[in-house]
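[1] can you look at this prediction? I've put the sequence above it.
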Amino acid sequence: MTICVVDGRGGGLGSRMIEGMRALADEGHAIIGLGLNPISAEAMARAGATSTETAPQVIHRQLHAADMIVGSLSLLMPGAMLGEVTPVLAQVVLASPAKKLLLPVNKRQVEVVGAEGRTLDALIDHAVQRIAVLLRSAG
């Protein structure tokens, strides 16, 4: 399966997700780091992404072809991540047939009821566990 991890800014969330999923790459799954800027792409490459991309058209194609998209809930909010999330990117994420696992982390004053009180570490751990379950059930 192809898992696309999307992140911007400094790539902290994406790189931590990829570090948590390295064992999945060892099982033959491709983990693609889609950086919304070169800094985030480089952070995901250092974390062990199978490959990384930064060009918007390539990112859009990868998202459409992905089996799973992982990132922040901010990916659905145009203007988020210091403006790196464009309306087109949000639309591409939503239109992709891929399973989407979005962590409720954002700076846009959006509260996801039921997700209160979880640290970023706990969210990442939970997401990695959920991804592993989904991959096992698909294979």
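    Noted; the coordinates are in hand.
[2] drop to CA atoms for contacts and neighbour counts, all remaining ones
    OK.
[3] show me how far the lowest-mean-pLDDT helix or strand in the chain is from its chain's centre.
    Using mean pLDDT, DSSP states H and E, the weakest-scoring helix or strand in the chain turns out to be helix 120-138, at a mean of 90. Distance, stretch centre to chain centre, for helix 120-138: 12 Å (Cα atoms, centre = their mean, to the nearest Å).
[4] what's the answer for stretch 72-91, then?
    12 Å.
[5] endpoints of it, how far apart?
    End-to-end distance for stretch 72-91: 15 Å, by Cα to Cα, to the nearest Å.
[6] what comes up buried for it?
    Neighbour-count burial for stretch 72-91, counted by 16 or more other Cα atoms under 10 Å, picks out 72-78, 80-81, 84-86, 89-90.
[7] helices or strands up against the helix or strand that contains Ser15?
    For Ser15, the host element (DSSP states H and E) is helix 12-26. Using 3 or more Cα pairs under 8 Å, 6 or more residues apart in numbering; DSSP states H and E, the elements in contact with helix 12-26 are strand 2-7, strand 30-35, helix 38-47, strand 68-72, helix 120-138.
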